[in-house]
Structure formats: C-alpha cells, structure tokens
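Chemist: based on what follows, work out the 3D shape:
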Amino acid sequence: MYRKTYALINNDILEQNVKNIKEKYNDYKYYIGVVKNNAYNHGIHIIPSLIKGGINYLAVSSLDEALEIRKYYLDIPILILEPIDLEDVEVACKNDITISVENLDYVKELVTKKYKKELKIHMIINSGMNRLGFQNKEDINETYKLIQEKDNMVLEGLFTHFATSGFMDPYYDEAINKIDELISDLDLSSIPIIHFARSLTLIRHDKCKYTTGIRLGILMYGYNSIIKYSTSFQDYLRCKKRESYLKKYNISNTYLENDLKVKPAFSLYSKVISIREVKKDEIVGYDAKYKALEDMLVATIPIGYADGVTKEFGNVSINKKKYKILNDCMDMIMVEVDNTVKINDEVEIFGSVISQEEVCKNLGTNAYHLYSSISNRVVRVHIENNEKSEIKY
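Modeler: Reported below is the predicted structural model:
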C-alpha cells in the first residue's frame, strides 16, 4: 500500500455480530448472509468470518458476483437474488449456484432444458414492492408444479422483499396478507428455505410464520436501526403521529428498540500529506468555493470524491479531535487544522470518533449508500485474530 488511504475491516467484529444475531434470533435454520457488492464493500474475504459466526448460505445480486465468490469458497451455497439470462443457467448449475425465478414464461423455457447437475431454484414473490416477483396465484401454482415435475430441478426456496420496515405504515401487514393468499395452495413443507424477512424487518417484527430462513444484510455489518424518542417536543409529535398511524391502520406489533449488540466493522483512514498557511480572503480548492475568513492552517489529505469522500462528510478526526473539511478534489480533501497537527498524522474519515451515523446524517443518506460509496481503489486492510492483511480489490 503506497498511498496511505485505506479501509480497515475488522473480521472478528463481523463474526461476533453474526453470533449475537443468531443468539437473539435463534429460531431459523438458514442464516443467509447477503454479500452483494463485494460484501457491502467490506470485501469478500470477510466470508470465512461470517461462516464461523454461523452464516450457512450466501446471497449475491448477479452470476458474476457468485462466480467470483465460488473461486475462493467451494462449499457454501450461493443464491443469486436477481434472475439471470436463460443461456447462463448452465454456468450457474455447473458451479452449484442457486438461481431465482420471477415469471412463468421464464420457467416454461427453463424446464425444457437439461442440466448435468441438479438445479436449485428459489421463487420470488411480489409482495407489493413491484420490483421483481410472481404476482398472481395461478402463475405461482403452475411454476411450483412445473419445477416439482422435473427430476433435475428442485424448488429449494421461496422469498420476497418487503418495501418498508412497516413500523409506521400499513404496507408490511398488507404484504404479509398478500403473500398468504398467493402461496396458499402450495405445499410449503416441500420447500426447505422460506425467507421473507431482511435485517430491518427482522428487528421490527415478530418472526414471519412458516419461514425457515432470514437474510442478513446491513444488520450483519453492524448497523442496528434503533429508534429512540427523546423528550423534545419534536419527538413528542413524532410519537403521537406514530400512535395515530398504529391505530388508523391497525398495524401489527412492532419494535423500535432491541438489546442486540452489533458493531460496525468498517472504518476509513488516510494521513496528512501537506500543511500550509492560508491568509484571510485566500481561497482553498477548486472554483473558489471556500474563502478563508481568517488566517488559518490547511492540511491536505489524500482521499477525495473518486474514493467516495466529499466535503459533505463534514469533518475528519486527527489525534481524536474533529476538524472541518473545507473543500474536495478527485483525490484529495483540504481540512482546517491547528498547530497540533503534523505531516503523516493519521486521519480518521469515520470510525471511533466520527461515527457512521454522523456521516450519514451529514450526507442525508444511510449506511447502505455510505458503504457503497467507498470505491474499490481504496485498499481494504482486514483484521483477524489481531493480524492485519492488505487486499486490493
């Protein structure tokens, strides 16, 4: 690593996160770790730690992602959450990768093919999100029958994706009712893996009936979405609004808080490469977007918007103290500092001092977008058993 900008990934924390989730939510047989987008940009080399924690199935978004994982991990089952082209199904089958189906025409074509190995299939049910999935009972019943009749195919799973976490709207309960109706004719005992809930619905609701699996995404990576109302008047109004919604829509039991202990494993660092004096009324960075209000010291940090970091992040931390980001470039940011800061000092972009929640609030986004924004040109340094290893993706 020549450019001292890196993401620090603590594999041991991820392993413990999974163990803690399994201990609290222990009535599932399948714990499906969602590792799409290079494991939420943590890097696929976290997978052994997830497996040690108790993940026994993986889920990705594409055949390319699945094949990349299969290079390193030969035995763990892998599900592709999106449909793939029919001409690529043989590749998936050959590599023991499970496919998803979401419409009858695709399945009718699929069952005309012969595969050298058993093809595992999961059906997607459209429960109201209108992104993917079967949406009428007749097509679901016919698909079930077509697959069950094929010797070289097995309907291993059934899943949906809820549009909301359902703690302040009727859509979750409507989705559950819709699923009940759509799959009411199926022999669910013949389908080993039924996975409806994701991280946010897991912590917000009681277990979905007849489900045997849970998909773990952002929760597994350490982001526990706890909602606490303060004593402020604004939160008093929010609380009253939620009470009104619960009553109006007869919303089922939901949980805003929990005692689950998970921690983020992803932190981001760089270093100071330059410090200079800037006089009052001089500009800092492109387009004269920042003009010094007084004489100041400005440090340059080698991380920028090409890495996913912009001035909207707000602050960085140097020697446990926060400093304001003044401007950004493709490869660098400029930060107002004081005379305690020295060249080569480590800079925390987010981690122990500047939390992910703080950055997300400044950006007006969430942890999904934050993780995804950190580009793969940033080296990942993994910690496992107190040993560091550097991986360039």
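Chemist: would you confirm that residue 110 contacts residue 85?
Modeler: No: using C-beta atoms under 8 Å, residue 110 is not in contact with residue 85, being 11.1 Å away. In short, each C-beta sits where N, CA and C put it, glycine included.
Chemist: just want to know which of those two has more residues nearby.
Modeler: Neighbours were counted for residue 110 and for residue 85 using other C-beta atoms under 10 Å; residue 110 has more, 21 against 9.
Chemist: next, that one: phi, psi?
Modeler: Residue 110 adopts backbone torsions of phi -60, psi -40, taken as degrees, to the nearest 10.
Chemist: what's near enough to touch it?
Modeler: Contact partners of residue 110, counting by C-beta atoms under 8 Å, 6 or more residues apart in numbering, are 86, 89, 101, 153.
Chemist: hey, where'd the helices end up in the stretch 251-393 of the chain?
Modeler: Here the stretch 251-393 of the chain has its helices, by DSSP state H, counting those that start in this stretch, at 356-363, 367-373.
Chemist: typo on my end, it should be the stretch 1-150 of the chain
Modeler: For the stretch 1-150 of the chain, the helices defined by DSSP H, counting those that start in this stretch occupy 11-24, 36-40, 47-53, 63-72, 89-94, 104-110, 137-148.
Chemist: any chance of a markdown table for those, columns distance to residue 346 and mean pLDDT?
Modeler: As requested, the helices of the stretch 1-150 of the chain are exported to a markdown table (distance: least, C-beta to C-beta, whole Å; pLDDT from 0 to 100):
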| stretch | distance to residue 346 | mean pLDDT |
| --- | --- | --- |
| helix 11-24 | 20 | 98 |
| helix 36-40 | 24 | 96 |
| helix 47-53 | 25 | 97 |
| helix 63-72 | 31 | 96 |
| helix 89-94 | 44 | 96 |
| helix 104-110 | 52 | 97 |
| helix 137-148 | 55 | 97 |
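Chemist: residue closest to the middle of this structure?
Modeler: residue 218 (4.0 Å; C-alpha atoms, centre = their mean).
Chemist: show me which residues of whatever helix or strand residue 242 lives in are buried.
Modeler: Following DSSP states H and E, one finds residue 242 within helix 233-249. Going by neighbour count (16 or more other C-beta atoms under 10 Å), the buried part of helix 233-249 is 242, 246.
Chemist: between the helices of the stretch 1-150 of the chain, which gets nearest to residue 267?
Modeler: Counting by C-beta to C-beta, residue 267 lies closest to helix 11-24 out of the helices of the stretch 1-150 of the chain; the figure is 10.2 Å.
Chemist: which strands or helices does the closest one pack on?
Modeler: Where contact means 3 or more C-beta pairs under 8 Å, 6 or more residues apart in numbering; DSSP states H and E, helix 11-24 is packed against strand 30-34, helix 47-53, strand 379-384.
Chemist: how much does the first one deviate in direction from helix 11-24?
Modeler: An angle of 140 degrees separates the directions of strand 30-34 and helix 11-24 when computed by axes from the mean of the first three to the mean of the last three C-alpha atoms, to 10 degrees.
Chemist: and stretch 90-106, how far apart are its ends?
Modeler: Start-to-end span of stretch 90-106 (C-alpha to C-alpha, to the nearest Å) is 14 Å.
Chemist: picking up where we left off before, a markdown table for the helices of the stretch 1-150 of the chain, including distance to residue 276?
Modeler: Listed next are the helices of the stretch 1-150 of the chain as a markdown table, based on distance: least, C-beta to C-beta, whole Å:
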| stretch | distance to residue 276 |
| --- | --- |
| helix 11-24 | 37 |
| helix 36-40 | 36 |
| helix 47-53 | 42 |
| helix 63-72 | 43 |
| helix 89-94 | 55 |
| helix 104-110 | 61 |
| helix 137-148 | 66 |
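Chemist: what lies in contact with stretch 383-392?
Modeler: Stretch 383-392 is touched from outside by 1, 6, 8-12, 43, 45, 49, 379-382, with contacts defined as C-beta under 8 Å, 6+ apart.
Chemist: how does it look with 10 Å?
Modeler: If you take C-beta atoms under 10 Å, 6 or more residues apart in numbering as the criterion, stretch 383-392 is touched by 1, 6-15, 43-46, 48-49, 52, 265, 376-382.
Chemist: among those, which ones are buried?
Modeler: By neighbour count, with 16+ other C-beta under 10 Å, the contacts of stretch 383-392 hold 6-15, 43-46, 48-49, 52, 265, 378-382 as buried.
Chemist: circling back: residue 133 is nearest to which of the helices of the stretch 251-393 of the chain?
Modeler: Comparison of the helices of the stretch 251-393 of the chain against residue 133 by C-beta to C-beta identifies helix 367-373 as nearest, at 20.8 Å.
Chemist: now that closest one: average pLDDT?
Modeler: In this model, helix 367-373 has an average pLDDT of 94.
Chemist: and it, how far out from the chain's middle?
Modeler: Chain-centre distance of helix 367-373: 8 Å, with C-alpha atoms, centre = their mean, to the nearest Å.
Chemist: do stretch 118-137 as well
Modeler: Per C-alpha atoms, centre = their mean, the displacement of stretch 118-137 from the mean C-alpha position of its chain is 21 Å.
Chemist: before we move on, what about stretch 214-228?
Modeler: Relative to the mean C-alpha coordinate of its chain, stretch 214-228 is positioned 9 Å out (C-alpha atoms, centre = their mean).
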